[in-house]
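**Q** what's the 3D shape of this:
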Amino acid sequence: MAGVRFADLQTRPLEFLDFTSLTLDEFQQLVPPFEAAFHTRMAAWRMDGKPRTARQFAVYKNCPLPTPEDRLFFLLTYLKTYALQVVQGRLFGMGQSKANQWMHVLLPALLAALRTLGDAPARSLTALAQRLGVAEADAATVVTPRAEESAPVAAAPAAAPMSPLLPMTGRNDASSAPKTLLNRPRVRAGRKRTTWSKMSCS
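**A** Numbers count the residues shown, from 1 in each chain. Below is the predicted model of the structure:
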């Protein structure tokens with residue numbers, strides 16, 4: 001299953017910017033710390049999230065994201081477009097489950113790389129003020145409060161605000177999706193057999 005690759009877009013800078021929100025120069029600055037953070041993570045963990053106990057991580061011939069640039073391009077495209085995982089997987093030549101695995105492996109690597117470069121999102125008003133080199137009151141004028149924060153909330157526990165860079169790792173509220181009633185005999189809750197992906201990078 002062929003898909004989009006970094007090499008396809010590196011000669012088209014405006015299209016690359018549309019996919020990632022980064023220029024090629026900004027992208028190239030991010031690749032080395034991102035790849036270092038990725039290999040640090042893969043030295044301790046496998047793709048399925050289990051601790052690595054035996055062999056070391058290696059990029060195999062049929063890996064859907066064989067180069068550091070492809071891995072970073074995959075993740076930045078996902079964060080920019082926030083596509084369904086099945087769509088993201090299809091764009092990059094892999095199934096939804098493999099796309100999900102790659103996202104969960106690459107997101108922490110990207111955050112570690114941004115921290116290394118001093119570009120990680122500020123998690124508090126104090127941190128933002130320090131980064132901008134201004135007083136906290138001046139930094140508060142830069143921040144636009146979200147509409148839901150202005151409405152009074154009944155005794156919700158205080159939590160650190162989540163970064164907009166990592167939308168899929170934030171806390172989820174109660175789902176508004178309709179619930180499937182499992183006590184009806186004609187409703188099936190799962191697949192009867194497992195479908196294995198032919199692409200692997202363990």
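
**Q** is residue 106 in contact with residue 76, as I believe?
**A** No: using CB atoms under 8 Å as the test, residue 106 is too far from residue 76 to be in contact (9.5 Å). Placement of C-beta: from N, CA and C, glycine included.

**Q** and what about residue 106, helix, strand or coil?
**A** helix (DSSP: H, G, I helix; E, B strand; the rest coil).

**Q** give me the nearest residue to it, chain neighbours excluded.
**A** For residue 106, ignoring the flanking residues on the chain, the nearest one in space by CB to CB, 6 or more residues apart in numbering is residue 75 at 4.4 Å.

**Q** can you tell me how far that neighbour sits from residue 125?
**A** Computed as CB to CB, to the nearest Å, the residue 75 to residue 125 distance reads 28 Å.

**Q** look at these two and report which has more neighbours.
**A** residue 75 (22 against 15; other CB atoms under 10 Å).

**Q** secondary structure element for residue 8, which one?
**A** Secondary structure assignment for residue 8, by DSSP states H and E: helix 6-9.

**Q** how about that helix as CSV, C-alpha atoms only?
**A** Extracted as CSV, the C-alpha positions of helix 6-9 are listed here (Å, rounded to 0.1, in the frame of the first residue of the first chain):
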residue,chain,number,x,y,z
PHE,A,6,8.5,13.3,2.9
ALA,A,7,10.4,12.9,-0.4
ASP,A,8,7.2,13.6,-2.3
LEU,A,9,6.7,17.0,-0.8
